[in-house]
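> Structure, please.
(chains A and B)
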Amino acid sequence: MLTLYGKTFSSRLLIGTALYPSPAIMQEAIRASGAQIATVALRRETAGGKSGNNFWSLIRELEVAVLPNTAGCRSVREAVTTAQMARELFGTSWIKLEVIADDETLQPDVVGLVEAANILVKDGFEVFPYTTEDLGVAQRLVDAGCRVVMPWAAPIGSARGLINRDALKLMRARLPDITLVVDAGLGAPSHAADAMELGYDAVLLNTAVAKAADPVNMASAFKLGVESGRIAYEAGLMGARDFASPSTPVIGTPFWHAVS
Amino acid sequence: MQLIVNGERRDIAAAHVDALLRELEFEGTHFVVAVNYEVVQRARWGETALKDGDEVEILTPRQGG
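The predicted structure is shown next:
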């Protein structure tokens, strides 16, 4: 079971709600993914409250836990206020904390992230920080009171998979008691399996499913990738070797070292 | 008075948050309001006075990742 701030889930896949070809496909894909947690954003209302209501009713029908985000926030002040507005709107203390340093790379502003995490934890939030694979930053987030840390695999929407696998492996080893979720940069179910095989507790993704030619089937594929990776981790992967090691026993090999 | 509502400068007659939402013809229930970066809880919409130059944000749930 996956435990996030005291709540348990059988699925280890968290899924985003953006970029799908249609609302119906969004719903079908999220159902196919088996995800029990969906991320949502807050945006300025432009249509008298109606557009937000329509989207919200679609999410409610899915009966998933909601993880609001502070996507697009460029400063600590924006992120903190957005988190407080999310708590008021969604009635949850969970917040996926994003403080973005750069609009093009969507790289987290790790200094602002730690500062905002400190403020929000003190304000009673359960913070899910979106960060880089930097262990020092992750440690600062833990020191701030985050029990979940969400390092990226690669930049958001890049589909590149685990570009710094060694650093993610190190973070897993050094933060054994922290729930670690790979967030962003996954493109294929094998990437999700890779993260899970490293011992990550869960993965969070959006674009790889939403932008697939067939989002519903891709959601199923990611569901299986996450499950496969988790089972493999629990089963204990063998260590890699530089050279060959025979899988068939050599004792009793016929015609071997024939004696004249 | 003039308020900045969701980034746009607007002439507003309403003196309180709940009246502002009526004036802007907001329907439905799923939005949240902040005035000058302070969240205004729904129960306080009626008593929260607005003044000239206030920055009001009205946010709603949207697709996100």
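
> quick one: average confidence on the longest helix seen in chain A?
Using DSSP state H to define each element, chain A has its longest helix at helix A:215-235. If you average the pLDDT over helix A:215-235, you get 98.

> Identify all contacting residues around it.
Residues outside helix A:215-235 that contact it (CB atoms under 8 Å, 6 or more residues apart in numbering or on different chains) are A:11-13, A:15, A:20-21, A:25-26, A:28-30, A:32-35, A:188-199, A:202-203, A:205, A:208-209, A:212. No exception for glycine: its C-beta is placed from N, CA and C like everyone else's.

> Just the buried positions in that helix, please.
Buried residues in helix A:215-235, counted by 16 or more other CB atoms under 10 Å in any protein chain shown: A:215-216, A:218-223, A:225-230, A:233.

> repeat for stretch A:72-87
Buried residues in stretch A:72-87, defined by neighbour count with 16+ other CB under 10 Å: A:72-73, A:76, A:78-87.

> now stretch A:203-216
For stretch A:203-216, a neighbour-count test (16+ other CB under 10 Å) marks A:203-212, A:215-216 as buried.

> Redo these as a markdown table? Include secondary structure.
Listed next are the buried residues of stretch A:203-216 as a markdown table, based on DSSP: H, G, I helix; E, B strand; the rest coil:
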| residue | secondary structure |
| --- | --- |
| A:Val203 | strand |
| A:Leu204 | strand |
| A:Leu205 | strand |
| A:Asn206 | coil |
| A:Thr207 | helix |
| A:Ala208 | helix |
| A:Val209 | helix |
| A:Ala210 | helix |
| A:Lys211 | coil |
| A:Ala212 | coil |
| A:Pro215 | helix |
| A:Val216 | helix |
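
> Centre of the chain to the lengthiest strand in chain B, how far?
Across chain B, the longest stretch assigned as strand under DSSP state E is strand B:55-63. Strand B:55-63 sits 9 Å away from the centroid of its parent chain (CA atoms, centre = their mean, to the nearest Å).

> Which neighbours in the sheet does that strand have, and how are they oriented?
According to DSSP bridges, strand B:55-63 forms sheet pairs with strand A:37-44 (antiparallel), strand B:2-5 (parallel), strand B:32-35 (antiparallel).

> out of the ones you listed, nearest to A:Ser57?
Proximity to A:Ser57 (CB to CB) singles out strand A:37-44 among the strands paired with strand B:55-63, at 12.5 Å.

> The residue nearest to B:Val5 when sequence neighbours are not counted and chain A, how far apart?
Excluding the flanking residues, the one nearest B:Val5 by CB to CB, 6 or more residues apart in numbering or on different chains is B:Val56, at 4.8 Å. Distance, B:Val56 to chain A, by CB to the nearest CB, to the nearest Å: 10 Å.

> residues in contact with B:Val56?
B:3-6, B:17, B:20, B:33-35, B:50.

> okay if I get those residues as a markdown table plus distance to A:Leu175, neighbour count and pLDDT?
A markdown table is the format used below for these (distance: CB to CB, whole Å; neighbours: other CB atoms under 10 Å in any protein chain shown; pLDDT from 0 to 100):
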| residue | distance to A:Leu175 | neighbour count | pLDDT |
| --- | --- | --- | --- |
| B:Leu3 | 46 | 19 | 96 |
| B:Ile4 | 43 | 14 | 96 |
| B:Val5 | 43 | 20 | 95 |
| B:Asn6 | 40 | 15 | 94 |
| B:Val17 | 43 | 23 | 95 |
| B:Leu20 | 46 | 24 | 95 |
| B:Val33 | 38 | 26 | 95 |
| B:Ala34 | 34 | 19 | 96 |
| B:Val35 | 39 | 18 | 97 |
| B:Leu50 | 46 | 20 | 97 |
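
> Out of those residues, flag the one nearest to A:Trp152.
Distance to A:Trp152 across these (CB to CB) is lowest for B:Ala34, with 28.6 Å.

> Surely the closest one and B:Glu57 touch.
Yes - counting by CB atoms under 8 Å, B:Ala34 does reach B:Glu57; the two are 4.6 Å apart.
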